[in-house]
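In: Here is the input, now give the coordinates:
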Amino acid sequence: MTTTTLAALVPLLPFLGAAAGLLLGRTAPGFARPLAVLPTLTSLVLAALVAVRQGGGAAVDSATELTPTGSVPIELALHIDGFAALVAVLVGLVASCVQIYSTGYLRDDPRYPSYAALVSLFTSAMFLVVYSGDLIVLLIGWEVMGICSYFLVGHYWETPEARAASLKAFLVTKLGDVPFLIGLFALATDAGSFRITRILGTVAGGGLDHPTLIALLLLAGVAGKSAQFPLHTWLPDAMAGPTPVSALIHAATMVAAGVYFIARLLPVFEASQAAMVVLAIMAAVTMTGSALAALAQDDIKRVLAYSTIGQLGYMTGALAVGDRGAAVFHLLSHGAFKALLFLAAGVIIHAAGTNSLAAMSRMRNLRDRIPDAYWTMTVALLALAAIPPFSGFFSKEAVLGVAEHVVTGHTEHAPAAAGWLVLVAGLLTAVLTAAYAMRLWLLAFRGRGTEAPDHGRQPLTMTVVLWVLAVPSLALGGFTFRLLPDWFDGRDLGPTLTTSVLGTGLALVGGIVTYAAWRHTTALAARVPLGAVAAHPEGDAAKVEAEAIATHEPAYGDIAYAPDPADPGRLLLGPLHRHAAAGFHLDAVYTALFVRPVRAGASLVSFLDREVVETYVRGAGALPRWLGAAVRRAQTGNVQTYVSALLAGTVVLAVAAVLVATGA
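Out: Numbers count the residues shown, from 1 in each chain. Predicted coordinates for the structure are as follows:
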């Protein structure tokens with residue numbers, strides 16, 4: 001079987017599994033789990049075979065015309081280089097783990113068959129994006145992922161949070177997709193083709209007439225899909241969906257699609273220095289802002305959501321300095337440990353028995369109750385904080401290393417301003433990442449909240465998946481940059497001394513300072529009753545203690561499910577905490593700038609339609625009704641009346657005729 005045939009089967013099998021699952025889910029629910037797991041696992045095996053055959057060498061290209069258009073042709077094309085081969089393996093691995101994990105996590109959910117089918121369709125769409133060599137076919141997978149995310153995020157549609165989150169995710173990503181579509185058409189117009197290889201050839205020959213405009217239009221779609229500033233606000237709210245869906249969206253599909261798209265077409269963006277600087281600014285703001293927001297969140301999934309936004313900022317930062325190898329390297333590493341983080345968080349939530357108890361401040365004594373989640377999440381958090389020798393260290397240092405090369409003038413792929421932005425923001429984010437990773441670990445596993453009921457051991461399918469993902473989270477980084485250099489354009493992705501020392505040192509500082517802040521707040525909280533800080537209007541342990549001493553009274557007393565007052569995030573952020581917890585009020589800004597004006601405009605249109613347009617419509621109908629009523633009254637059925645009216649009319653006509661004749 002040829003490599004092209006194998007590659008065609010990779011997205012086809014999950015699609016067929018999704019179709020069969022939707023058709024048989026109600027009539028034969030027993031087939032839902034095999035139809036969810038087996039096609040996805042098979043696609044993983046086939047994707048691995050394609051990667052082995054591709055071998056990091058020349059790209060595999062194949063195309064057939066999909067439909068005649070009369071102008072720019074649309075082709076069913078494959079373009080599989082080393083990046084595509086590796087990303088497809090990651091997609092297959094994470095999707096398979098999510099499907100297996102979901103059989104335990106949603107074992108009692110009556111809507112599991114439709115959920116599993118949508119996950120398979122989601123996976124198929126991402127495979128299509130990864131392997132596609134034609135931008136229109138890629139766009140199909142891009143949009144299918146969008147509609148699948150709408151349904152999956154809104155899986156718990158009974159809750160208003162899930163309904164609002166699914167609608168917000170759909171609308172915000174569509175807001176970016178409109179300029180993205182215009183950019184695709186503009187790019188194809190300049191290049192004369194939607195084929196990626198021909199577009200890259202046109203760029204190499206200097207054939208793009210509007211590189212800056214095209215790059216900025218495409219960046220809008222990437223910002224929406226990959227949750228980059230300023231279109232990132234949908235991703236934290238999307239945590240209202242099932243936790244396995246969060247793992248799938250954050251680790252290997254949807255949000256990774258935008259980064260992967262830029263990596264595919266990086267020469268298009270490099271053709272515009274302005275676009276590269278805009279990309280660098282977007283990456284820098286996204287990295288630092290999301291890390292600060294993560295440090296202030298209480299819900300464990302929202303911490304991980306903001307973490308994803310920040311790590312995607314690292315990837316776009318690598319692209320902003322012209323190195324797609326470092327970006328895809330971090331995409332692969334991040335996919336492994338972020339999937340592990342979300343699935344381990346799912347075990348924590350499952351242990352609590354409800355999705356509503358994901359607040360870290362309410363957790364207590366979880367280390368001994370869920371040891372598998374404790375150890376695997378520890379590995380994943382160390383990878384997230386980029387502590388050597390975990391995978392995140394190598395991939396993050398690859399990003400910082402290429403930024404340093406731009407700053408020091410060792411490469412001319414990007415402007416020096418972009419290099420400085422990415423390097424400074426990346427180092428600052430390294431401190432903050434280690435800080436919120438340490439905070440999450442302390443509050444989740446060493447917290448002082450109220451202990452939730454013990455719901456027993458977790459299903460084996462959930463715990464096994466955690467250990468499977470722990471392996472690449474620990475070992476993927478060193479393995480990748482040492483053994484697979486040809487898969488990343490032959491560039492050396494090994495860590496450099498300067499950024500390794502700076503990055504690791506700053507990460508250790510962030511972790512140690514957070515631990516010290518936690519010890520300090522724990523000591524303060526130990527002097528007041530548990531729950532006092534939660535009840536206090538300002539939630540400050542020192543103020544609660546001072547008021548309790550001054551009044552000689554208990555400070556508010558205990559409350560049910562009392563939050564842990566020992567939260568180092570509040571101490572570290574100080575006055576910034578309130579703003580960071582609200583995502584720096586960006587949603588409020590959008591409400592003021594867009595939502596309220598649109599609603600006001602809609603109200604005005606409704607008023608005009610009701611009071612003006614309908615008035616004319618009602619008037620136009622009223623006149624015939626009045627005339628009809630008058631005529632109806634004349635229809636009495638009395639023959640004498642009719643004859644009298646006839647004679648009267650005859651007289652009138654005769655008189656009129658005489659008058660006319662006399663006047664003539």
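In: Output the lowest mean pLDDT helix or strand found in this structure.
Out: Counting by mean pLDDT, DSSP states H and E, the weakest-scoring helix or strand in the chain turns out to be helix 541-551, with a mean of 42.
In: Dump the helix or strand just after that helix to CSV, keeping only the CA atoms.
Out: The element immediately downstream of helix 541-551 (helix or strand, assigned by DSSP states H and E) is helix 568-573. As requested, the backbone C-alpha atoms of helix 568-573 are provided in CSV (Å, rounded to 0.1, in the frame of the first residue of the first chain):
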residue,chain,number,x,y,z
PRO,A,568,-0.2,32.5,47.1
GLY,A,569,-1.6,34.0,43.9
ARG,A,570,-3.4,36.7,45.8
LEU,A,571,-0.2,37.6,47.7
LEU,A,572,2.0,37.6,44.6
LEU,A,573,-0.2,39.6,42.4
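In: ok, residues contacting helix 568-573?
Out: Residues outside helix 568-573 that contact it (CB atoms under 8 Å, 6 or more residues apart in numbering): 292, 295-296, 435-436, 439, 442, 513-515, 517-518, 520-521, 539-540, 577, 580. Placement of C-beta: from N, CA and C, glycine included.
In: List buried residues within the residues you listed.
Out: Burial by neighbour count, 16 or more other CB atoms under 10 Å: within these this picks out 292, 295-296, 435-436, 439, 442, 513-515, 517-518, 521, 539-540, 577, 580.
In: got the residue ranges for the strands in the stretch 51-200 of the chain?
Out: Taking DSSP state E, counting those that start in this stretch as the test, the strands found in the stretch 51-200 of the chain are 60-67, 74-80.
In: for the lengthiest helix in the chain, what is the average pLDDT?
Out: What stands out as the longest helix in the chain, according to DSSP state H, is helix 160-191. Rounded to a whole number, the mean pLDDT of helix 160-191 is 92.
In: just for the chain, where's the confidence low?
Out: Along the chain, segments meeting pLDDT under 70 span 352-358, 410, 412, 449-456, 477-486, 490, 525-566, 664.
In: repeat that with 50
Out: 356-357, 530-563 (pLDDT under 50).
In: so which strand or helix has the closest residue in space to Ala582 that isn't next to it in sequence?
Out: In space, and not counting its chain neighbours, Ala582 is closest to Ala588: 7.7 Å by CB to CB, 6 or more residues apart in numbering. Taking DSSP H and E as the definition, one finds Ala588 inside helix 586-590.
In: Just the buried positions in that helix, please.
Out: Within helix 586-590, the residues that qualify as buried by neighbour count (16+ other CB under 10 Å) are 586-587.
In: Would you mind listing the outside residues contacting that helix?
Out: Helix 586-590 is contacted from outside by 230, 233, 582, using CB under 8 Å, 6+ apart.
In: Can you tell me which of the strands of the stretch 51-200 of the chain is packed in deepest?
Out: Ranked by mean neighbour count, these are led by strand 74-80 with a mean of 21 (mean count of other CB atoms under 10 Å).
In: quick one, it and helix 160-191 angle?
Out: The directions of strand 74-80 and helix 160-191 differ by 100 degrees, with axes from the mean of the first three to the mean of the last three CA atoms, to 10 degrees as the criterion.
In: got a list of what Ala215 touches?
Out: Residues counted as contacts of Ala215 (CB under 8 Å, 6+ apart) are 183, 268-269, 271-272, 275.
In: Quick check: the gap between it and Leu266.
Out: Shown here: Ala215 relative to Leu266, a distance of 10 Å by CB to CB, to the nearest Å.
In: Please apply the same query to Gly21.
Out: 37 Å.
In: So for the two, which residue has more residues nearby?
Out: Gly21 (28 against 19; other CB atoms under 10 Å).
In: Show the backbone phi and psi for the more buried one.
Out: Gly21 has phi and psi values of phi -60, psi -40 when expressed as degrees, to the nearest 10.
In: which ones are touching it?
Out: Residues in contact with Gly21 (CB under 8 Å, 6+ apart) are 31-32, 35-36, 113-114, 116-117, 120.
In: cool, Leu93 as well?
Out: The neighbourhood of Leu93, defined by CB under 8 Å, 6+ apart, consists of 44, 252, 336, 472.
In: and with 7 Å instead?
Out: Residues in contact with Leu93, defined by CB atoms under 7 Å, 6 or more residues apart in numbering, are Leu44.
In: just the one 3 residues further on next, same as before
Out: Contacts were defined as CB under 7 Å, 6+ apart; by that measure Ser96 touches 40-41, 44.
In: Could you identify the buried members of the residues you listed?
Out: Taking 16+ other CB under 10 Å as the criterion, what is buried in the contacts of Ser96 is 40-41, 44.
In: now those residues as JSON lines including distance to Gly133 and secondary structure?
Out: As requested, the buried ones among the contacts of Ser96 are arranged in JSON lines below (distance: CB to CB, whole Å; DSSP: H, G, I helix; E, B strand; the rest coil):
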{"residue": "Thr40", "distance to Gly133": "23", "secondary structure": "helix"}
{"residue": "Leu41", "distance to Gly133": "26", "secondary structure": "helix"}
{"residue": "Leu44", "distance to Gly133": "22", "secondary structure": "helix"}
